[in-house]
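Enquirer: give me coordinates for this.
(2 chains)
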Amino acid sequence: MSRFILRRLLGMVPFMALVSITCFGLIKLPPGDFATNYAASLAAGGETVSQATLLSMREQYGLDRPFLVQYWRWIDGVAHGNFGYSFQWQQPVSTLIWGRMGLTLLLSLAALLFTWAIAFPIGVYSAVHKYSVFDYVFTFLGMLGLAVPGFLLGLVLMYIGIAYFGEDLGGLFSHHYLNAPWSLGRVADLLRHIWVPMVILGTSGAASLIRVMRANLLDQLHQPYVETARAKGLSEFTLLLRYPIRIALNPFVSTLGWVLPNLVSGSVIISIVLNLQTAGPLLLQALLSQDQYLAGAFLLLLCLLTVIGTLVSDILLALLDPRIRMQ
Amino acid sequence: MPDAAANPAADGEIVLDVADLSTQFRAGSATLRAVERVSFQLRRGRTLCIVGESGSGKSMTARSILRIVPHPGRITSGAIRFTPQGGGGPCVDLATLPAKGRQIRAIRGRDIAMVFQEPMTSLSPIHRIGWQIGEALLAHGLATRREAMARAVALLRQVEIPDPESAVARYPFEFSGGMRQRAMIAMALACNPKVLIADEPTTALDVTTQAEILRLIARLQQAHGLAVLFITHDMGVVAQIADDVLVMYQGEVVERADVQTLFAAPQHPYTRKLLDSARRLGMAAPSARVPRPPAAPVLQVRGLSVTYPGERRFLRPSRPGVAAVRNLDLDLFEGENLGIVGESGSGKTTLGSALIRVLRPSAGRIDYTPREGGQLELAGADRAGLRRAHRQIRMVFQDPFASLNPRMTVGQCIGEPLLVNGLMHGAVLAARVGALLELVGLPAAAQTRYPHAFSGGQRQRIVIARALALDPRLIIADEPTSALDVTLRSQILDLLLALQPKLGLSFILISHDLGVIRYFCDRIAVMYRGEIVETGPAEALCGAPSHAYTRALLAAVPEADPARRNLIGVAG
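Expert: Here you go, the predicted structure:
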C-alpha cells in the first residue's frame, strides 16, 4: 500500500510539469496579452494610453520575452513558492488565492455535507422502498432539483428573502462585517448567510446523488450475497448497512476525486449571482483579462487538486474494496 | 462442539412438517402460483430431495420455509411446523411468523440454515471468509468475536479447506468455486442447525468438485444428525444422496416416494420423463452411431497453442501470458462427431474460439478442407480466407438467451448470415428462413416474432437454424445444452443427430458434461490444463479410460441409480 502511494506521488512530478506547460500555453493562446486587454478596457472607458506606456508595461512584466522564457521565469518562481504578481489586482497571487480559498473551502464542505446528509438517507429509502409513494415523491423532487439551474434557485431565494423577509441573502457577510476582522459576531453573521449558498450548491448535487445511490443500491439489493446474509438471521437494517450499502458506496468513493477541483472552478455562476467571495469568480476574471500569473496559478491548483483528489479516492477505494487492494 | 448433544432428537424423528404450503406472487391482477399445496416432512438424519426443472417452484418452497420469499411473493396458505427438539418438543409454525420479525430471524441461520446455488456471488466480495462464517454466531449472540473466529477456523477444517488458520483471513475472490461452496457450507453449519437446506449447491461446479461436495454433505449429515432438504434438477445427484424424493412440476408435487421405489417404479409420467432423460444421457444415442468407413479429414490441427497475453507493467518486467491451449493436435473426419470434454479452466472454450478463429492462435496450423476441395489454413488466414471458412464453419453457443439479439425478429436473426453474405434477400430469403425453422421443428410463421416469445429450448433451436443457414459443413457447439433443462437436452441433441445425415454435417461438441458427450459423439478428446490427455472412440474411452484424469472424471459422474452410489460409497 505505501509503495503504491509512493509510486503514485512520484508519478505526479512529471505529470504536473506537463500540466503546467499546457496551462501556461492555454493562457497565452488567445491573441493579445494583458497590456492589450488593459488598453482595450481603458479605451472602453474613453481614455487612451500611449504605445510607449504599453511597451514599457510589456517590458516591465516581461510580456515581450519568448514563450519559453516567460514560462521558465514563472515556473521557477512557483517552484520556490512565488506564484508571481497579479497585474490586475496589483497584489501577489498567493495573497489573492489564499484569501479566497478559506471561504471557498468552508462553503464547499458545507455544501458537500448538506448533499450527503440529504442524498444518502433518501437514496437508500428510495431503493429499499422502490415504487412506493415516497419513492415517487422523492424522485419528483430530485428531478426538479436536477432540472432547476442553481443560479435560478439563487435568484428565487434572494427575491423571497428581500420581498418577504426584508433581508439581503446575497454574499457571505452583511455590509457591516464585510471587511471587518474576524470576531464572534462575524462568525455568527457568516453562519446566518452561508446556508443559502449551501442549499443552492447542494441541491443539484443531492438530486443526482439520490439517483446514483438509488441505482447503485438497487443493483446490490437482490444480489445472492444479500439473501445469504438474510438467511443467516441478520436484521434487515444491519443487513442493509453491512452488505449492499457498503458495496454501493464504491462508485461514490471513486468520484470523490472530482469534488476537490470543484472547490475552485465549480459554481462560478452561482457565486457571481450571489456575490460570494469565493475562488470561482476570481478565476473567471483572471482568465478574461489575461492576468496570466493569477490564471496560471489557479489552473495549476485545479490540476493539482484533481490529481490529489484522484489519488485520495484511489486510496479510499483500495481500503474499502479488497478486490482492488489485492491486484 | 458436542454436536450429538445439541440434537437430542433421535434419527428419523420429524423436525420440520410442511403441510399444504402455497406461495403466490401477485402483480396487479395476475397471480403466479409458485408453490401450490406442497406437503412434506424433514426427518433428522435423512435427506429429502426436491427435484424438478426451472420454474417448478422448488427454490420457492425452500425460501418459503425460511420466510425469505422475494417481494411480492407471500405464503397464502399452509403450515410449516418446526419442532427443533423433535417428538414432543415445542413446535412453532413458521408460516404464521412475520417475515421480518425477531422470531423468524432467531431461527434463520441458527436452527435452519441454507446453502445457495451460486458460490461465486453468494458470498460478499468485500468481507473476509472468517468474518462471514462467524457472523451468524455473532448475530445470534452465541459467541464473542474471538470465539467466532476460532469456530470459523474449526468449521473450515471440517469442510476440508487446507490451512484454515490463514483461510479465515482471505477474501472469497481468492477461493475457487469449490472452495467457496465449502465455505458456504461451513457458514451454514456455524450455529449447529437442525435443518440444512441446500438449493442446487453443486450445479455451478465441475463434476469432480460436485462429487467432493456431495460426499462432504453426506459426511456432515451423519456427524451432526442433520435433516437435509436438497434441491436439484439432476436425477443422478438424487440417486446418489436422497432418502426420500419429491418431484415438483409447475409448483405442485406430482410424485413422492423413497428413492428406491421412485427409481424402480416411477408412477407419474413426468417422473418417468425425467428419469428417461437422465438415463438416456448415460449411454450412446439409440440411433447407435455405427462405425463408418474411414473418411477424409475435414479439420487437421497441428501444434496449436493459444496464449493470452500477459500484463505489461510500468517499470517492471511484464507479467507472463497464460497458455490456455498448449501444442495441441486434433483431427476431425467427415461426418464425424468429436466431443471435447474437460472441466472449467481446461481450455476447451478457448480451443473452440481458436478453431473458428475468433481468437488468433499463437502457434500451430489449422488445416481445413473446404467442401469444394483444396486446403485452407485457418491459423494464419487473411480476411478473405476467413470469410470463406466462416460460410462453412458455424458456431452454436451455450446461452440461448444471450446469443440472440432481442431487438431482431427470429427471421432477421436466422437470415442475417445469408443477407450479409449477399446470397439472398426478399421473398427468397423469407422462404429459406421458413424452411430452416421447419427443419429444426418450429413453424415457419415463427420468423416474424421476437426471441423473447420463445422458451429456452425453442431459442436453442433458433440458434441452430441460424447456424444451418449457410449450409455449413462443420458446426462447433460450445455447451449447447448446458443452459437447458434435462428433458430438453436430449431433444436438442436428437435434433442435431437427425439433421446430420440430411445435411452432411460434422460436429465438434464442447462440454463439461460427459453424459452429453457420450450420447452424441463418435470420438472423445479429454482436455486437461490446455492439453488433450486422451483421445478415443466414445464407448471405448468411457468403458476403459487409460488416463488417470479421464478415470477421475468418469468416476465423478453421479449414476442415476440409487443401488449404485458411486460417489457417496454407501448403499441407499
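
Enquirer: give me every residue in chain A lying close to chain B.
Expert: A:222-225, A:227-236, A:238, A:243, A:246-247, A:320-323, A:326 (CB under 8 Å from any CB of the partner chain). Quick note: C-beta positions are derived from backbone N, CA and C, even for glycine.

Enquirer: narrow these to those in strands?
Expert: Per DSSP state E, strands hold no members of those.

Enquirer: quick one: which of these sit in helices?
Expert: A:224-225, A:227-231, A:236, A:238, A:246-247, A:320, A:322-323 (DSSP state H).

Enquirer: now the helix or strand where residue A:154 lies: buried residues?
Expert: Using DSSP states H and E, residue A:154 sits in helix A:150-165. Across helix A:150-165, burial judged by 16 or more other CB atoms under 10 Å in any protein chain shown covers A:150-151, A:153-155, A:157-158.

Enquirer: what residue ranges in chain B score low on pLDDT?
Expert: Low-confidence segments of chain B, defined by pLDDT under 70: B:1-11, B:282-294, B:310-319, B:569-572.

Enquirer: find the centremost residue of it, please.
Expert: The centre of chain B sits closest to residue B:203, judged by CA atoms, centre = their mean, with a distance of 4.3 Å.

Enquirer: OK, contacts around that one?
Expert: By CB atoms under 8 Å, 6 or more residues apart in numbering or on different chains, the contact set of residue B:203 is B:117, B:232-234.

Enquirer: that one sits in which helix or strand?
Expert: With DSSP H and E as the test, residue B:203 turns up in no helix or strand.

Enquirer: do residue B:324 as well
Expert: Taking DSSP H and E as the criterion, residue B:324 maps to strand B:322-333.

Enquirer: cool, residue B:498 as well?
Expert: With DSSP H and E as the criterion, residue B:498 is inside helix B:486-503.

Enquirer: tell me the buried residues in that helix?
Expert: Quick answer for helix B:486-503 (16+ other CB under 10 Å): B:486-497, B:499-500.

Enquirer: hmm, who's touching that helix?
Expert: Residues contacting helix B:486-503 (CB under 8 Å, 6+ apart): B:53, B:233-235, B:273-274, B:277-278, B:280-281, B:285, B:287, B:335, B:337, B:439-441, B:456-457, B:460-461, B:464, B:468, B:471, B:475, B:477, B:480-481, B:484, B:505, B:507, B:516, B:519-520.

Enquirer: got the CA positions of it in CSV?
Expert: The C-alpha atoms that make up helix B:486-503 are tabulated as CSV, following Å, rounded to 0.1, in the frame of the first residue of the first chain:
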residue,chain,number,x,y,z
VAL,B,486,-32.6,-32.1,-18.6
THR,B,487,-35.7,-33.1,-20.6
LEU,B,488,-34.7,-30.7,-23.3
ARG,B,489,-31.1,-31.7,-23.6
SER,B,490,-31.7,-35.0,-25.2
GLN,B,491,-34.3,-33.4,-27.5
ILE,B,492,-31.8,-30.8,-28.8
LEU,B,493,-29.1,-33.5,-29.3
ASP,B,494,-31.5,-35.8,-31.1
LEU,B,495,-32.4,-32.9,-33.4
LEU,B,496,-28.7,-32.4,-34.3
LEU,B,497,-28.3,-36.1,-34.8
ALA,B,498,-31.3,-36.2,-37.1
LEU,B,499,-30.1,-33.3,-39.2
GLN,B,500,-26.6,-34.7,-39.6
PRO,B,501,-27.1,-37.3,-42.4
LYS,B,502,-29.5,-35.0,-44.2
LEU,B,503,-27.1,-32.1,-44.4
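
Enquirer: so what's residue 199 closest to, chain neighbours aside?
Expert: In the absence of a named chain, this looks at chain A. In space, residue A:199 comes closest to residue A:114 once its chain neighbours are excluded; the distance is 6.7 Å by CB to CB, 6 or more residues apart in numbering or on different chains.

Enquirer: nope, chain B
Expert: Residue B:199's closest residue in space is residue B:231 (CB to CB, 6+ apart), at 4.7 Å.

Enquirer: okay, the one you found and residue B:56: tell me how far apart.
Expert: Applying CB to CB, to the nearest Å, the value for residue B:231 to residue B:56 is 10 Å.

Enquirer: same deal with residue A:219?
Expert: 28 Å.

Enquirer: who has more neighbours out of these two?
Expert: Set side by side, residue A:219 and residue B:56 show more neighbours around residue B:56, with 25 against 14, by other CB atoms under 10 Å in any protein chain shown.

Enquirer: can you confirm that one is in a strand?
Expert: No: assigned with DSSP: H, G, I helix; E, B strand; the rest coil, residue B:56 falls outside any strand and is coil.

Enquirer: so who does it touch?
Expert: Counting by CB under 8 Å, 6+ apart, residue B:56 makes contact with B:248-251.

Enquirer: cool, residue A:81 as well?
Expert: residue A:94.

Enquirer: quick one: residue B:42 and residue B:195 touch, right?
Expert: Yes: Residue B:42 is in contact with residue B:195 according to CB atoms under 8 Å; the separation is 5.9 Å.

Enquirer: neighbour-wise, which of those two wins?
Expert: For residue B:42 versus residue B:195, neighbours defined as other CB under 10 Å are more numerous around residue B:42 (24 against 21).

Enquirer: sec struct for the more buried one, please.
Expert: In three-state terms, and counting by three-state DSSP, residue B:42 is strand.

Enquirer: identify the residues contacting it.
Expert: Going by CB under 8 Å, 6+ apart, residue B:42 touches B:14-18, B:48, B:195, B:227-229.

Enquirer: neighbour-wise, which of these leads?
Expert: Of these, with other CB under 10 Å as the count, residue B:227 tops at 29 neighbours.

Enquirer: who's it bridged to?
Expert: Legend: beta-bridge partners of residue B:227 under DSSP bridges are residue B:195.

Enquirer: from chain A, how far out is it?
Expert: 16 Å (CB to the nearest CB, to the nearest Å).

Enquirer: thought that residue was touching residue B:65?
Expert: No: contact criterion CB under 8 Å: residue B:227 and residue B:65 do not qualify, at 11.3 Å.

Enquirer: what do the two both touch?
Expert: Taking CB under 8 Å, 6+ apart as the criterion, residue B:227 and residue B:65 both touch residue B:16.

Enquirer: re earlier: which of the buried residues of helix B:486-503 sits closest to residue A:165?
Expert: Of all the buried residues of helix B:486-503, residue B:488 has the smallest distance to residue A:165: 72.7 Å, by CB to CB.

Enquirer: picking that back up, could the contacts of residue B:203 go into CSV alongside distance to chain A, neighbour count and secondary structure?
Expert: Formatted as CSV, the contacts of residue B:203 follow (distance: CB to the nearest CB, whole Å; neighbours: other CB atoms under 10 Å in any protein chain shown; DSSP: H, G, I helix; E, B strand; the rest coil):
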residue, distance to chain A, neighbour count, secondary structure
B:117, 8, 21, coil
B:232, 17, 25, strand
B:233, 18, 20, coil
B:234, 20, 19, coil
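
Enquirer: who are the contact partners of residue B:309?
Expert: residue B:321.

Enquirer: re earlier: wait, a helix at the residue nearest to residue B:199?
Expert: No: secondary structure of residue B:231 (three-state DSSP): strand, not part of a helix.

Enquirer: part of a helix, is residue B:303?
Expert: No: assessed with three-state DSSP, residue B:303 is strand; it does not lie in a helix.
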